[in-house]
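J.: Pasted the sequence and its predicted model underneath.
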Amino acid sequence: MPRIVPILNIGSYDEAKVYYVDWLGFSIDWEFRFEPTLPVYMQVSRDGLVLHLSEHKGGNFGPAMCHVEVDDLDALMAEWKSRRPDFTQEIEIAPWNAKHISLKDPFGNMLGINQNLPTPSET
C-alpha cells in the first residue's frame, strides 16, 4: 500500500531544524530550493516516519495535526528530555487506551504521539 506523507508548513528553516532534527532526532533526507535565497521544501525522517516541511506560503494549508504511532514512547521521552532538560511534559494514558503526548512545533503544527496499549483480552 502506498504511504501518506504529511506536508507541514514551517516559518523558518533554522527553527524547523532545531525542533525536528536537533531535538526530535529526525534526519534531513533532502532539501530543495529554486534559488539559494528562496523558501525550502525538505524531507525529514525517523524510524520509518517521513514528513515534508515547507516554507512556501502558497497553497491552502496551515497548521496541521499528525497522529504518530510508536513502539516505545517511554524511550522517546527519555531521549527528548536528555536533549532538552526543560521539557517537562509527561505521558498520559488516553481514553483510547494508549500512552499519549501532544507536541506543538514552533509553527503551530501538532504531533500526537501514541503508543497503543494491550487491550484487556491481550493481557
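T.: Now that the structure is in, tell me what you want to look at.
J.: Please name the residues that touch I10.
T.: A16, L53, S54, E55, D105, P106, F107, N109 (C-beta atoms under 8 Å, 6 or more residues apart in numbering). All C-beta spots, glycine's among them, are computed from the backbone N, C-alpha and C.
J.: Y13: how many residues sit nearby?
T.: Close neighbours of Y13, defined as other C-beta atoms under 10 Å, add up to 15.
J.: Could you give the number of residues near the closest residue to it other than its chain neighbours?
T.: Nearest residue to Y13, sequence neighbours excluded (C-beta to C-beta, 6 or more residues apart in numbering): V40, at 5.0 Å. Around V40 there are 18 other residues, counting by other C-beta under 10 Å.
J.: I'd say V40 and R33 touch.
T.: Yes: between V40 and R33 there is a contact under C-beta atoms under 8 Å: 5.4 Å.
J.: okay if I get the contacts of I10 as a markdown table plus pLDDT and neighbour count?
T.: Below are the contacts of I10 laid out as a markdown table (pLDDT from 0 to 100; neighbours: other C-beta atoms under 10 Å):
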| residue | pLDDT | neighbour count |
| --- | --- | --- |
| A16 | 97 | 26 |
| L53 | 96 | 25 |
| S54 | 94 | 18 |
| E55 | 92 | 17 |
| D105 | 95 | 21 |
| P106 | 94 | 13 |
| F107 | 93 | 18 |
| N109 | 95 | 21 |
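J.: ok, N97 - contacts?
T.: Shown in contact with N97 (C-beta under 8 Å, 6+ apart): N116, L117, T119.
J.: what's the distance between the residue nearest in space to the middle of the chain and R83?
T.: Against the mean C-alpha coordinate of the chain, by C-alpha atoms, centre = their mean, the closest residue is L111 at 5.2 Å. As defined by C-beta to C-beta, to the nearest Å, L111 lies at a distance of 16 Å from R83.
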